[in-house]
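Asks: This is a predicted model, with the sequence first.
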Amino acid sequence: MQGTISFAKRPVVYHTLFWVIYFSFNWIRWGSYFDDYAYSFSSNLVEFPLHIVLVYFNIYYLMPKLIPRKVTWYIIILFLSTLGITIIRIILTYLFVTTEVYKESGVQNLPLFNFNYVMASFIGEIYVVAIGTAIKMTID
């Protein structure tokens with residue numbers, strides 16, 4: 001019993017569990033929504049390392065360094081880093097998953113950086129950052 005308790009107290013277990021559940025939830029949710037589980041799995045494989053980098057950059061670097069003393073800088077840096085990750089995500093999805101830009105929209109021949117696509121991707125990044133931030137703030 002004590003081996004189980006010490007195992008469960010390790011943060012890496014919780015972090016891994018969170019990301020596995022979050023990945024599975026997104027894969028199933030978008031796969032069922034678009035009836036394309038292969039596309040959903042592939043796009044999640046591209047997106048999730050970027051989600052992880054952005055979330056940990058926020059909760060372990062930006063928040064401790066800038067909150068509460070430099071909130072304006074925190075917001076600016078978080079916005080710019082989220083935008084940067086969004087652009088990287090769009091490019092990697094185009095290179096490794098599909099050349100159909102913003103496949104979810106159902107519109108053909110969109111430019112790679114279509115405003116709606118960038119905004120949808122940006123909001124997806126903000127969503128996962130918000131979840132990670134909420135969990136971190138609750139624990140702290």
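Replies: Received the coordinates, thanks. Numbers count the residues shown, from 1 in each chain.

Asks: Can you name the residues in contact with stretch 105-118?
Replies: For stretch 105-118, the external contacting residues (CB atoms under 8 Å, 6 or more residues apart in numbering) are Thr86, Ile87, Ile90, Ile91, Tyr94, Glu100, Val101, Tyr102. For every residue, glycine as well, the C-beta is placed using N, CA and C.

Asks: Out of those residues, which sit inside helices?
Replies: Using DSSP state H, the subset of those located in helices is Thr86, Ile87, Ile90, Ile91, Tyr94.

Asks: got TSV for the contacts of stretch 105-118, with neighbour count too?
Replies: Output for these, formatted as TSV (neighbours: other CB atoms under 10 Å):
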residue	neighbour count
Thr86	23
Ile87	15
Ile90	20
Ile91	13
Tyr94	14
Glu100	16
Val101	18
Tyr102	20
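
Asks: Dump stretch 18-31 to PDB, keeping only the CA atoms.
Replies: Written as PDB, here are the backbone C-alpha positions of stretch 18-31 (Å, rounded to 0.1, in the frame of the first residue of the first chain):
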ATOM      1  CA  PHE A  18      -3.300  14.800 -17.300                       C
ATOM      2  CA  TRP A  19      -1.700  14.900 -20.700                       C
ATOM      3  CA  VAL A  20      -2.800  11.300 -21.600                       C
ATOM      4  CA  ILE A  21      -6.400  12.100 -20.600                       C
ATOM      5  CA  TYR A  22      -6.300  15.500 -22.300                       C
ATOM      6  CA  PHE A  23      -4.900  13.900 -25.500                       C
ATOM      7  CA  SER A  24      -7.400  11.100 -25.500                       C
ATOM      8  CA  PHE A  25     -10.300  13.500 -24.900                       C
ATOM      9  CA  ASN A  26      -9.300  15.700 -27.800                       C
ATOM     10  CA  TRP A  27      -8.600  12.800 -30.100                       C
ATOM     11  CA  ILE A  28     -12.000  11.200 -29.400                       C
ATOM     12  CA  ARG A  29     -13.900  14.500 -29.400                       C
ATOM     13  CA  TRP A  30     -12.600  15.800 -32.700                       C
ATOM     14  CA  GLY A  31     -12.400  12.400 -34.300                       C
END
